[in-house]
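K.L.:
Build me a model:
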Amino acid sequence: MKDYEVIIRPHITEKTTAEAAMGKYSFIVDRKATKIDVKKAVENLFNVKVLSVNTISYDGKKKTRRQNSGVVVGYTAAYKKAIVKIDTDPKDVTYLEKGGKVVKSARKYKGSIEEFGVQ
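P.N.:
As a prediction, this is how the structure comes out:
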């Protein structure tokens with residue numbers, strides 16, 4: 001599954017807008033996507049470091065409405081939501097290599113997702 005197929009759209013509400021200031025972003029994702037797929041997609045598309053991913057699956061609700069010919073029964077769409085927590089203060093990573101040599105990884109990550117609309 002490609003990165004752009006995993007994330008369908010951002011899920012923007014008052015609550016998710018407030019959480020975005022703390023580094024938590026919500027997305028509507030493909031129903032077959034796993035947490036690992038979501039993490040890789042967000043890291044590749046937005047160039048951020050993902051700390052954790054929580055997913056929630058919603059089933060469609062039954063809706064009825066009256067028309068001229070009687071009652072029509074239908075369902076709302078089922079979807080999957082992912083809440084992604086990113087590292088808001090990314091730092092360089094240091095680790096020991098064979099022989100005791102200290103290696104510093106200087107990969108640059110962003111501290112927020114600008115495309116989400118909250119900075």
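K.L.:
which secondary structure elements does the lowest-mean-pLDDT helix or strand in the chain contact?
P.N.:
In the chain, no helix or strand scores lower on mean pLDDT, DSSP states H and E than strand 93-96, which sits at a mean of 74. Counting contacts by 3 or more C-beta pairs under 8 Å, 6 or more residues apart in numbering; DSSP states H and E, strand 93-96 packs against strand 102-105. All C-beta spots, glycine's among them, are computed from the backbone N, C-alpha and C.
K.L.:
The strand it packs on: partners in the sheet, and parallel or antiparallel?
P.N.:
Taking DSSP bridges as the criterion, strand 102-105 forms sheet pairs with strand 93-96 (antiparallel).
K.L.:
burial count for the residue lying closest to residue 94 once chain neighbours are set aside?
P.N.:
Nearest residue to residue 94 in three dimensions, chain neighbours excluded: residue 104, at 5.0 Å (C-beta to C-beta, 6 or more residues apart in numbering). A count of neighbours around residue 104, defined by other C-beta atoms under 10 Å, yields 8.
K.L.:
Can you name the next helix or strand after the strand or helix carrying residue 15?
P.N.:
With secondary structure defined by DSSP states H and E, residue 15 is part of helix 14-20. Where DSSP H and E defines the elements, the next helix or strand beyond helix 14-20 is strand 24-29.
K.L.:
how about the CA coordinates for the very next helix or strand once past that next one, as PDB?
P.N.:
As assigned by DSSP H and E, the chain's next helix or strand after strand 24-29 is helix 35-46. Taking C-alpha atoms only, helix 35-46 is exported to PDB below (Å, rounded to 0.1, in the frame of the first residue of the first chain):
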ATOM      1  CA  LYS A  35      -0.500   1.100  12.800                       C
ATOM      2  CA  ILE A  36       2.900   0.400  11.100                       C
ATOM      3  CA  ASP A  37       1.500   1.500   7.700                       C
ATOM      4  CA  VAL A  38       0.100   4.700   9.200                       C
ATOM      5  CA  LYS A  39       3.400   5.500  11.000                       C
ATOM      6  CA  LYS A  40       5.500   5.000   7.800                       C
ATOM      7  CA  ALA A  41       3.100   7.100   5.700                       C
ATOM      8  CA  VAL A  42       3.000  10.000   8.100                       C
ATOM      9  CA  GLU A  43       6.800  10.000   8.500                       C
ATOM     10  CA  ASN A  44       7.400   9.900   4.800                       C
ATOM     11  CA  LEU A  45       4.700  12.300   3.700                       C
ATOM     12  CA  PHE A  46       5.200  15.000   6.400                       C
END
